[in-house]
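>>> Got a predicted structure here, sequence first:
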Amino acid sequence: MNQNLPFCLPLDGASNVRDLGGWRVADGRRVRQGMVWRSAALHGLTEADLGRLAEAGIATVCDLRGEREAARAPSRLPPGAQAHPLPIEPFVGASLRDMLERGAATGEGAVELLRQAYLAYVSDHLPAYRSLFALLMQDARRPLLFHCSAGKDRTGIGAALVLTVLGADRETVMADYVATDRLWRRDHPLPPGTPPAAAEAILSTHPALLEAALDAALARFGGIEGLAAEGLGLDRSALASFRKALLD
């Protein structure tokens, strides 16, 4: 495992902005650098930040936040980038507020909310990721950046799906996922009164939950090729093209 990965682009107005490039896949190739980016929310980008993203050539920005989330804090886009909203409504925040009202917000309860959310991402919300893959298949849409609020959960599932379909092993997928714990500034506000244990659970990565979500998706579709074809719209030929485009 390369200890220098992932490559993170330091910005003033956003954190957890990083390249999926460089990770090695099973056949020895590496994910092509500069083609697929992931990040936390982009509403706070400075002019200098926009310039750095423009230098990276970002052509497409996919926003996985829910519609009201995105409307409250609209993304700032680098010059020339095209926005593609792929909304996944924030299940965890609404459920947490309900738990707070009932006085039942605990660390264990927050982890359970995330567990349910992760499983929903790879089932109910799989069409959003299917659309993400369709955009990644288009040469003109790359380099592509996708993000949610923290760049951790909805974005983490998206990155895990991309790396898995490209042929990365589970250790690599998890290494990319947990990098959020050191690269994200944890600047997404939680409801007032959130207990520390619940806040820590919500703001942290949970490898076991991601493992369970990926295992559920692979079991549902009978493996990686089935997930690619039936779940994400890449038949065998398209999968080969996808890998050719994104692997060195």
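Right, received. Where do you want to start?
>>> My guess is Leu45 contacts Gly51. True?
No. The pair Leu45 / Gly51 is not scored as a contact, 9.8 Å apart, by Cβ atoms under 8 Å. Backbone N, C-alpha and C define where each C-beta goes, glycine included.
>>> Compare the two and say which is more crowded by neighbours.
Each of Leu45 and Gly51 has its neighbours counted (other Cβ atoms under 10 Å); Leu45 has more, 22 against 13.
>>> For this protein, which segments count as helices?
Secondary structure of the chain by DSSP state H: the helices cover 47-55, 67-72, 91-101, 107-121, 126-136, 154-166, 170-178, 180-183, 196-203, 207-221, 224-226, 236-246.
>>> residues near the closest residue to Leu203 other than its chain neighbours, how many?
Among residues not flanking Leu203 along the chain, Arg186 sits closest, at 5.0 Å (Cβ to Cβ, 6 or more residues apart in numbering). Neighbour count for Arg186, taken as other Cβ under 10 Å: 17.
>>> Please apply the same query to His188.
Other residues lying near His188 total 17 when counted by other Cβ under 10 Å.
>>> From Leu218, how far off is it?
29 Å (Cβ to Cβ, to the nearest Å).
>>> And for Ala168?
Counting by Cβ to Cβ - Ala168 and Leu218 are separated by 13 Å.
>>> Over to Ala245?
Between Ala245 and Leu218 the computed distance is 23 Å (Cβ to Cβ).
>>> Check Asp12 too.
Distance from Asp12 to Leu218, counting by Cβ to Cβ: 39 Å.
>>> for Pro6, same thing?
Distance from Pro6 to Leu218, counting by Cβ to Cβ: 23 Å.
>>> Who has more neighbours out of these two?
Pro6 (21 against 16).
>>> what mean pLDDT does stretch 60-71 have?
Stretch 60-71 carries an average pLDDT of 96.
>>> Can you show me the CA trace of that stretch as PDB?
As requested, the backbone C-alpha atoms of stretch 60-71 are provided in PDB (Å, rounded to 0.1, in the frame of the first residue of the first chain):
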ATOM      1  CA  THR A  60     -17.800  18.000 -14.300                       C
ATOM      2  CA  VAL A  61     -19.000  18.400 -10.700                       C
ATOM      3  CA  CYS A  62     -21.600  15.800  -9.400                       C
ATOM      4  CA  ASP A  63     -23.400  16.900  -6.200                       C
ATOM      5  CA  LEU A  64     -24.700  14.000  -4.200                       C
ATOM      6  CA  ARG A  65     -26.300  16.200  -1.600                       C
ATOM      7  CA  GLY A  66     -30.100  16.400  -1.200                       C
ATOM      8  CA  GLU A  67     -32.000  19.100  -3.000                       C
ATOM      9  CA  ARG A  68     -32.500  21.300   0.100                       C
ATOM     10  CA  GLU A  69     -28.900  20.700   1.300                       C
ATOM     11  CA  ALA A  70     -27.600  21.900  -2.000                       C
ATOM     12  CA  ALA A  71     -29.900  24.900  -2.200                       C
END
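>>> Nothing else from me, thank you.
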